[in-house]
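Student: next one to model:
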Amino acid sequence: MKLAEFYGGIEINREEKIVYARLISPHRVLSTCRSSTGGLHDDLLYIFNHQSCEPKGDHMNTRMHKVIDRPDEYKKDVSDRYNLPSQKCATLGTAANMNNAAICHERFCDLEVVTVCTGGVEGNAGRAGDPASYYESQKDNEDSENGQRSISIVGTINAMIFINRELTPGAMVTAVITATEAKTAALQELEVPSRYSDELATGTGTDQIAVASKLGGEAISYAGKHSKVGELIGRTMHDAVKRTLALQNSLTPAGQCSSFSHLERLGTSEKELCQKIGEFLCKDDADVLEMNFSNIVKDPLTVAAVAALMHLRDKFLWGILPDSCIPEVLAAYGAQISAAVSGKSNRSHAYMQMLSASDMSLEKHAFLGFVCKALALGFKEKWSYPESQA
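Tutor: Residues are numbered from 1 along each chain as shown. Reported below is the predicted structural model:
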């Protein structure tokens with residue numbers, strides 16, 4: 001089914017498990033396609049994004065081995081299925097649902113940019129520099145003692161970007177940089193956690209991209225953030241990432257208004273978080289907390305206080321704040337969490353005094369314990385009143 005046509009140069013179609021662009025007019029294409037049509041080409045006719053497997057429990061089957069180890073064979077299989085010319089196609093593979101694809105279109109004067117994006121971040125989100133496992137040794141099919149030849153694709157952000165003006169080869173590379181930064185900005189706004197460290201994610205481990213610029217006329221030589229084409233690439237990529245993640249993972253700004261969303265990267269689940277807070281409460285209070293956990297952790301003032309303390313932890317880990325200030329900062333901002341939960345801002349100083357005797361460590365398990373103690377301290381007093389106010 002034809003979804004859209006833009007600037008008389010591309011036609012976006014969707015069939016079953018594939019979204020593909022037909023290049024009506026000649027385009028220069030730069031892609032991460034692993035097959036022989038990857039890299040830079042001026043003679044391609046199609047770019048397609050294909051759902052290769054289910055997001056969970058299906059990523060190690062033969063289809064995915066073809067995507068990674070036999071990309072030309074995979075491309076031919078998919079192309080033949082949809083009657084596309086294999087040698088004229090650049091391919092992207094994913095586990096994301098093609099019905100959740102987002103299309104964003106921006107204009108400035110005679111310039112147009114279109115981004116088509118699919119994405120999922122629940123299983124494979126990571127931060128550049130996280131520990132990795134995939135290693136391609138110099139000898140074929142030889143495992144390295146320091147790595148292994150396996151890739152998890154249970155989360156992938158794939159983007160196809162189309163520009164109605166020709167870009168020089170160098171500008172094509174700059175366009176990829178700009179799009180990547182836009183993707184990372186979207187993930188930061190959504191507080192997406194890395195699945196391989198306790199940091200925020202900058203992408204997923206298997207992100208793919210294809211940029212296509214229409215050939216003809218004077219070529220644009222720069223596509224960075226200072227250029228209008230870079231601005232349009234950034235805006236369409238940013239918005240497309242957020243829209244597709246809302247569809248694929250129900251990941252939205254409003255949905256991320258949760259203390260758990262900020263604490264998840266410390267290696268906890270909602271159930272574990274509730275249990276850890278309950279350890280600082282009597283049984284009756286712990287039972288009430290469990291029944292009302294969602295409301296407690298989604299309270300906006302509490303989310304703000306937890307988010308602030310998590311960001312301050314990052315500031316210490318990044319070396320922006322000196323370690324010598326850890327005790328004062330954690331006690332003061334932990335008290336803000338307690339006050340937000342209890343609703344008693346006048347008790348902030350008392351909460352700070354009580355929390356100051358806690359373990360003041362940035363190590364993720366100890367830090368999570370401190371936050372849970374601060375949450376519990378506030379919950380203990382949420383429904384207690386001095387006799388003068390009773």
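Student: name all residues that make contact with Gly217.
Tutor: 165-166 (CB atoms under 8 Å, 6 or more residues apart in numbering). (C-beta placed from N, C-alpha, C; glycine too.)
Student: do you know the pLDDT at it?
Tutor: In this model, Gly217 is scored at 93, pLDDT.
Student: look up phi and psi at Ile163.
Tutor: Backbone torsions of Ile163, given as degrees, to the nearest 10, read phi -130, psi 130.
Student: any idea how far Ala366 is from it?
Tutor: From Ile163 over to Ala366 the distance is 49 Å, taken as CB to CB, to the nearest Å.
Student: repeat for Lys76
Tutor: For Lys76, the distance to Ala366 (CB to CB) stands at 53 Å.
Student: one more: Val192?
Tutor: 24 Å.
Student: got it, and Thr180?
Tutor: Note on Thr180: its distance to Ala366, by CB to CB, is 34 Å.
Student: compare the two (neighbour count), which wins?
Tutor: Thr180 (18 against 13; other CB atoms under 10 Å).
Student: contacting residues around that one?
Tutor: Counting by CB under 8 Å, 6+ apart, Thr180 makes contact with 203, 207, 209.
Student: just the residues you listed now: which is nearest Val371?
Tutor: Among the contacts of Thr180, Gly203 lies closest to Val371 (CB to CB), at 26.8 Å.
Student: isn't that closest one right up against Asn124?
Tutor: No - Gly203 lies out of contact with Asn124 (CB atoms under 8 Å); the separation is 9.3 Å.
Student: just checking, Glu181 touches Gly234?
Tutor: Yes - Glu181 is within contact range of Gly234, at 7.0 Å (criterion: CB under 8 Å).
Student: who touches both of these two?
Tutor: Jointly contacting Glu181 and Gly234 under the rule CB under 8 Å, 6+ apart are Lys225.
Student: who's more crowded, these two?
Tutor: Between Glu181 and Gly234, counted using other CB under 10 Å, Gly234 has the larger neighbour count: 23 against 18.
Student: now that one: closest residue in space that isn't a chain neighbour?
Tutor: The shortest distance from Gly234 to any non-neighbouring residue, by CB to CB, 6 or more residues apart in numbering, is to Ala182 (4.2 Å).
Student: now do the helices in this structure.
Tutor: Using DSSP state H, the helices found in the chain span residues 62-69, 71-81, 169-189, 228-249, 259-263, 270-278, 283-291, 293-297, 300-317, 326-342, 348-355, 364-380.
Student: which elements pack onto the last one?
Tutor: Under the contact definition 3 or more CB pairs under 8 Å, 6 or more residues apart in numbering; DSSP states H and E, helix 364-380 sits against helix 259-263, helix 270-278, helix 283-291, helix 300-317, helix 326-342, helix 348-355.
Student: relative to Gly203, how far out is the residue lying closest to Lys225 once chain neighbours are set aside?
Tutor: Spatial nearest neighbour of Lys225, chain neighbours left out: Thr178 (6.2 Å); criterion: CB to CB, 6+ apart. The spacing between Thr178 and Gly203, counted by CB to CB, is 14 Å.
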